[in-house]
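>>> Below are the sequence and a predicted model; questions follow.
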Amino acid sequence: MEKKKTAKQNANGTKLGFEEKLWQAADKLRGHMDAAEYKHIVLGLVFLKYISDAFGEHYAKLTADELADPEDRDEYTAENIFYVPKEARWAFLQSQAKTPEIGKLIDDGMSAIEKENPSLKGVLPKEYGKPSLDKRLLGELIDLIGTIGLGDKDNRSQDILGRVYEYFLGKFASDEGKLGGQFYTPRCVVEVMVSMLKPYKGRVYDPCCGSGGMFVQSEKFVLAHGGRIGDISIYGQESNPTTWKLCKMNLAIRGIEGNLGAHHADSFHNDQHKDLKADYILANPPFNVSDWGGEHLREDGRWQYGIPPKGNANYAWMQHMVYHLAPIGIASFVLANGSMSSNQSGEGEIRKAIIEADLVDCMVALPGQLFYNTQIPACLWFLTRSKKNGRGGFPSPPLRNRQGEILFIDARKMGFLVDRVHRELTEEEITRIANTYHAWRGEAGLAEDEKTDRPIINKTRTYEDIPGFCKSATLEEIKSHGYVLTPGRYVGAEETEDDDEPFEEKMQHLIEKLEVQFQESARLEAEIRENLRGLTYGY
């Protein structure tokens, strides 16, 4: 049992396991190109290796079947596996890695993939054949990436492209993304959001989709619970051209159809999905962005609860998402902790209006150190247009009427350190948070069948407040706290066992213990001074 738990934690781990190898390659190429350019070169090759690994694994299976044709494209699309043309397959490219033509061969392979997959037209990098790229070093990079398993069955569940992109953002301290407040959402945080929302069927929207991590996790949830990818419709938008292309690639390698708009675009100023009303919204908007162009949108129809300040886009993102919610839709998004309590520039009044409109369903305070490139404390907001008959996800029993209530969950003490600076939530902690929310909403939750490890419906759980962890608060209570939504204000302190020892006796024991510690401290000080005198340092 302990081994199983460790495997789950490792599967949710922060490191991919091959960062060091990619950094070695970066050291070789950094003198020949700038960091941002190197990043694109590597991401393109990682994409090729990923789709080739998945293709090769299925190709071998089909080859062993006398009735199957391993070159039949339909055999791959039926399994949501990307069909790779011969000239783009990794084995072929790696066999030519030491030739001067390797750059052109890679570009030709990228073009062949785009021809086979029109949705990727103009998306894949085709800069490998240019004279300025050292072909000897490119060959070495291909050999290096060739040693890394990316798209096989064990690795397909990970958002490899997104994680590699985030790694380069942090390692090179790139201006692209990091300084704009954009941060890759840790997988465990996405899992919390997806586990709580359960986007089983319907329209899923992310207005700042980055590399598509939210969509990848939604896909995993659907498949894990016996559904079909076609049961959800993906809608996204991204303003950064690099990450927009990356998201297109991320969806393509999984056989997911997604509408990401005609091109990269800013959701505030060029909404690519103006008429969309989504069943589920999952997002990690850039934190506290000050230059979002709010001065040009003062009369925008999306600001139903107050005009967001020009100097911070947090409440603009929030209202943009509410605007795109279906009548029983539900949204989950990550924001900086300041969004729960800020009263600057009218933010407090907007939060008050949103609370009084009874849109806030749940607030979750997250542990620190979850994000790669920022130490800004973060929280999760859950908003819904209907608490009376809201969406139940999978399974879909009727939900209880939660009007006038908000659930607060304080998860700040959860998680474990995977290294000195990064923290992860365990699968057990994710399940606890999600099941608390499901029980509070009055829906059947999911448990794991001990015999099969498959999810089963658990109808026996009921919700109860747990001091220090969760609290169901009324709007009157929240009003008494000045409409501040910080969970710590409501959940209180964790209960501790009373040892029934009288106060006077306890103080006497503590004083005696302190006296012993003082004596030990004096002894150690004398010993240190004596040692220093022996070293002739003036003592």
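That came in fine, so what should we check first?

>>> Buried residues of stretch 205-223, list them for me.
Residues of stretch 205-223 classed as buried: 205-222 (neighbour count, 16 or more other Cβ atoms under 10 Å). C-beta here means a position set from N, CA and C on the backbone, and glycine is covered the same way.

>>> Among the residues you listed, which ones are in helices?
The helices, defined by DSSP state H, take in 213, 214, 215, 216, 217, 218, 219, 220, 221, 222 from those.

>>> now those as CSV including pLDDT and distance to residue 326?
Listed next are these as CSV, based on pLDDT from 0 to 100; distance: Cβ to Cβ, whole Å:
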residue, pLDDT, distance to residue 326
213, 80, 23
214, 86, 17
215, 86, 18
216, 80, 23
217, 79, 21
218, 81, 16
219, 76, 20
220, 75, 23
221, 75, 19
222, 75, 18
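
>>> Turn those into a markdown table, including distance to residue 414.
Compiled in a markdown table, those are given as follows (distance: Cβ to Cβ, whole Å):
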| residue | distance to residue 414 |
| --- | --- |
| 213 | 21 |
| 214 | 21 |
| 215 | 25 |
| 216 | 23 |
| 217 | 19 |
| 218 | 23 |
| 219 | 26 |
| 220 | 21 |
| 221 | 21 |
| 222 | 26 |
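
>>> Verify the contact between residue 388 and residue 405 for me.
No - Residue 388 is not in contact with residue 405 according to Cβ atoms under 8 Å; the separation is 11.6 Å.

>>> neighbour-wise, which of the two wins?
More neighbours surround residue 405 than the other of residue 388 and residue 405, with 19 against 12 (other Cβ atoms under 10 Å).

>>> out of everything not next to it in sequence, what's closest to that one?
Closest residue to residue 405 apart from its sequence neighbours, by Cβ to Cβ, 6 or more residues apart in numbering: residue 472 at 5.5 Å.

>>> neighbouring contacts of stretch 193-203?
With contacts defined as Cβ atoms under 8 Å, 6 or more residues apart in numbering, stretch 193-203 is touched by 214, 217-218, 220-222, 225, 227, 231-233, 235, 276-280, 282, 326, 330, 332, 334, 362, 380, 382, 391-394, 396, 430-431, 433-434, 437-438.

>>> Hmm, I typed the wrong one, I wanted stretch 255-272.
By Cβ under 8 Å, 6+ apart, stretch 255-272 touches 77, 80-82, 207-209, 212, 215, 219, 229, 233-241, 244-245, 247-248, 251, 273, 292-294, 296-297, 313, 316, 320.

>>> Any idea how far apart the tips of it sit?
End-to-end distance of stretch 255-272 (Cα to Cα, to the nearest Å): 22 Å.

>>> about what we covered before: three-state assignment of the residue nearest to residue 405?
Put simply, residue 472 is strand when judged by DSSP: H, G, I helix; E, B strand; the rest coil.

>>> you'd agree it is up against residue 440?
Yes - counting by Cβ under 8 Å, residue 472 does reach residue 440; the two are 6.1 Å apart.

>>> Looking only at neighbour counts, state which of the two leads.
Neighbour count, other Cβ under 10 Å: between residue 472 and residue 440, residue 440 has more, with 23 against 16.

>>> what helix or strand is residue 408 on?
strand 405-410 (DSSP states H and E).

>>> go on, residue 57?
Per DSSP H and E: residue 57 is located in helix 35-63.

>>> who does that helix touch, helix- and strand-wise?
Judged by 3 or more Cβ pairs under 8 Å, 6 or more residues apart in numbering; DSSP states H and E, the packing partners of helix 35-63 are helix 19-29, helix 73-77, helix 90-95, helix 102-116, helix 135-145, helix 160-171, helix 241-252.

>>> returning to that earlier point: which element is encountered next along the chain beyond the strand holding residue 408?
strand 416-417.

>>> what is the mean pLDDT for that next one?
Strand 416-417 shows a mean pLDDT of 92.

>>> Next, the buried residues of the longest strand along the chain.
Counting by DSSP state E, the longest strand found in the chain is strand 325-336. Residues 325, 326, 328, 329, 330, 331, 332, 333, 334, 335, 336 are the ones in strand 325-336 that count as buried (16+ other Cβ under 10 Å).

>>> Among those residues, name the least confidently predicted one.
Lowest pLDDT among these: residue 328, with 90.

>>> Skipping adjacent residues, who's closest to that one in space?
Spatial nearest neighbour of residue 328, chain neighbours left out: residue 386 (4.6 Å); criterion: Cβ to Cβ, 6+ apart.

>>> And for residue 218?
Nearest non-adjacent residue to residue 218, counting by Cβ to Cβ, 6+ apart: residue 199, 4.8 Å away.

>>> What about the one you found, how many residues nearby?
Number of residues near residue 199 (other Cβ under 10 Å) recorded here: 29.

>>> now the end-to-end length of stretch 115-129.
For stretch 115-129, the first-to-last residue distance is 19 Å (Cα to Cα).

>>> ok, and what's touching that stretch?
40-41, 43-44, 47, 73, 82-83, 85, 102-104, 106-107, 110-111, 113-114, 133, 138, 245, 248-249, 252.

>>> switch the cut-off to 6 Å
With contact meaning Cβ atoms under 6 Å, 6 or more residues apart in numbering, stretch 115-129 is reached by 40, 44, 85, 103, 104, 106, 107, 110, 114, 245, 248, 252.

>>> Residue ranges in the chain under the pLDDT threshold?
For the chain, the stretches with pLDDT under 70 are 1-20, 23-36, 151-184, 225-226, 372-373, 389-398, 444-461, 495-501, 505-506, 536-539.

>>> mind redoing it with 50?
Applying pLDDT under 50 to the chain picks out residues 1-14, 173-181, 393-395.

>>> how about the spatially most central residue of it, what does it touch?
With distances taken as Cα atoms, centre = their mean, residue 185 lies nearest the centre of the chain, 2.9 Å away. By Cβ under 6 Å, 6+ apart, the contact list for residue 185 reads 213, 284.
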